[in-house]
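Trainee: Next come a sequence and a model predicted from it.
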Number of protein chains: 2
Amino acid sequence: MSSPRHFDIQPQSGVPIYQQIVDQAGALIAGGRLAPGDLLPSVREVARSAEVNPMTVSKAYSKLEAEGLVERVRGRGMRVRRLTEGEGSVTQRKTQLEALLEPALARAAQLGLSADQVRQVVERLLKGYRP
Amino acid sequence: MSSPRHFDIQPQSGVPIYQQIVDQAGALIAGGRLAPGDLLPSVREVARSAEVNPMTVSKAYSKLEAEGLVERVRGRGMRVRRLTEGEGSVTQRKTQLEALLEPALARAAQLGLSADQVRQVVERLLKGYRP
DNA sequence: TCATGTGTATCACTACAGCAATACACCAGG
DNA sequence: CCTGGTGTATTGCTGTAGTGATACACATGA
């Protein structure tokens, strides 16, 4: 907890730096390596270790806050929120997922894939995420 | 076939014009309103009716061609392809779908949704597409 | 209080996506 | 052959997303 490498940023990857931070921080939280109540590494720490501008990190953190994953604590930093119940209800998160899945499934229909074939793909991917 | 309204383009929507054309043409093909062998409305026709530049339409058509939905016929126009069997194999299309689904499911994991909850959402959406 | 730590508002720079004006190559049909 | 129809390569403009340098407001802790 003292000095993790924070984030692994690859400026050339095509993926925006701030987005990489958002994704990796989100993954850390989802994976439980950052528990509710924990503080995210400070903007300047990350900026130094990843060799990017503090503002870029700040933008990423703001986005995490907008997503409700993290909250700002004056003078301390960004704290991981507890998003289990409350306004991050299961129903709400499902709706969010639905919005993400909808275009993909529309495309599947366009490709002429059957419902069963879609299920197969989904299952394969789910297995990958929870081995 | 003489003069459909072609496409309904909304320049202010935030979605790029060429993308709107790609999506709508794709939907027409998927819905069978444009059958294999049919010609897409010409670049200039669409450009006039949608009040955009022919090049923008051309870019959209090129993208459709790259996706394999349509083929170029010299001197005639763009013809809808038969994408059932052949190089558009089921396996290939599944891989394509997988690429689309992957980020959505990663996000689901990040949201803390279980595999079953993901399945529920998928089923709900599948029902919507094939009522 | 004040030194040091948070995050960030503001402004400016740069690269690139989206779009369009022009000119062009090609083909079908008369 | 020539006319009118395809699609498009080239070039340039413009808005904006991504990033960063600077300076700032606020909170903590000794």
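Mentor: All right, it came through fine. Numbers count the residues shown, from 1 in each chain, chains lettered A, B, ... in the order given.
Trainee: Who are the contact partners of the closest residue to A:Ala50 other than its chain neighbours?
Mentor: Using Cβ to Cβ, 6 or more residues apart in numbering or on different chains and skipping the chain neighbours, the partner closest in space to A:Ala50 is A:Ile9 (4.3 Å). C-beta: built from backbone N, CA, C; applies to glycine. By Cβ atoms under 8 Å, 6 or more residues apart in numbering or on different chains, the contact list for A:Ile9 reads A:Ile17, A:Gln20, A:Ile21, A:Ala50, A:Glu51, A:Val52.
Trainee: residues contacting the fourth one?
Mentor: The contact partners of A:Ala50, taken as Cβ under 8 Å, 6+ apart, are A:His6, A:Phe7, A:Ile9, A:Ile17, A:Ile21, A:Val57.
Trainee: For the third one, what is the enclosing helix or strand?
Mentor: Following DSSP states H and E, one finds A:Ile9 outside all helices and strands.
Trainee: Just the closest of the contacts of A:Ala50 to DNA strand D, please.
Mentor: A:Ile17 (3.2 Å; Cβ to the nearest atom of the strand).
Trainee: Look up how far DNA strand C lies from that closest one.
Mentor: For A:Ile17, the distance to DNA strand C equals 13 Å [Cβ to the nearest atom of the strand, to the nearest Å].
Trainee: what's the neighbour count on that residue?
Mentor: Close neighbours of A:Ile17, defined as other Cβ atoms under 10 Å in any protein chain shown, add up to 19.
Trainee: mind listing the strands for chain A?
Mentor: Using DSSP state E, the strands of chain A run over residues A:70-73, A:77-80.
Trainee: Now render the ones you listed as CSV, adding mean pLDDT and distance to B:Leu113.
Mentor: Output for these, formatted as CSV (pLDDT from 0 to 100; distance: least, Cβ to Cβ, whole Å):
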stretch, mean pLDDT, distance to B:Leu113
strand A:70-73, 94, 19
strand A:77-80, 94, 18
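Trainee: Show me what counts as buried in whichever helix in chain A runs longest.
Mentor: Scanning chain A for the helix with the most residues, using DSSP state H, yields helix A:90-110. Going by neighbour count (16 or more other Cβ atoms under 10 Å in any protein chain shown), the buried part of helix A:90-110 is A:93-94, A:96-98, A:100-101, A:104-110.
Trainee: right, is that helix up against chain B?
Mentor: Yes. With Cβ under 8 Å from any Cβ of the partner chain as the criterion, chain B is reached by helix A:90-110 at A:90, A:93-94, A:96-98, A:100-110.
Trainee: what residues are up against A:Leu101?
Mentor: B:Leu101, B:Ala104, B:Val121, B:Val122, B:Leu125.
Trainee: Excluding chain neighbours, what is closest to the most centrally placed residue in chain A?
Mentor: In chain A, the residue lying closest to the centroid (Cα atoms, centre = their mean) is A:Gly26, at 3.0 Å. Distances taken as Cβ to Cβ, 6+ apart put B:Gln110 closest to A:Gly26, at 4.7 Å, once the chain neighbours are dropped.
Trainee: For that neighbour, which residues are in contact?
Mentor: By Cβ under 8 Å, 6+ apart, B:Gln110 lies in contact with A:Gly26, A:Ala27, A:Ile29, A:Ala30.
Trainee: Which of those sits closest to B:Arg44?
Mentor: A:Gly26 (46.4 Å; Cβ to Cβ).
Trainee: Quickly note the distance from that closest one to DNA strand C.
Mentor: When distances are taken as Cβ to the nearest atom of the strand, A:Gly26 and DNA strand C turn out to be 16 Å apart.
Trainee: wait, that residue sits on A:Leu64?
Mentor: Yes. In this structure, A:Gly26 is within contact of A:Leu64 by Cβ atoms under 8 Å, at 7.1 Å.
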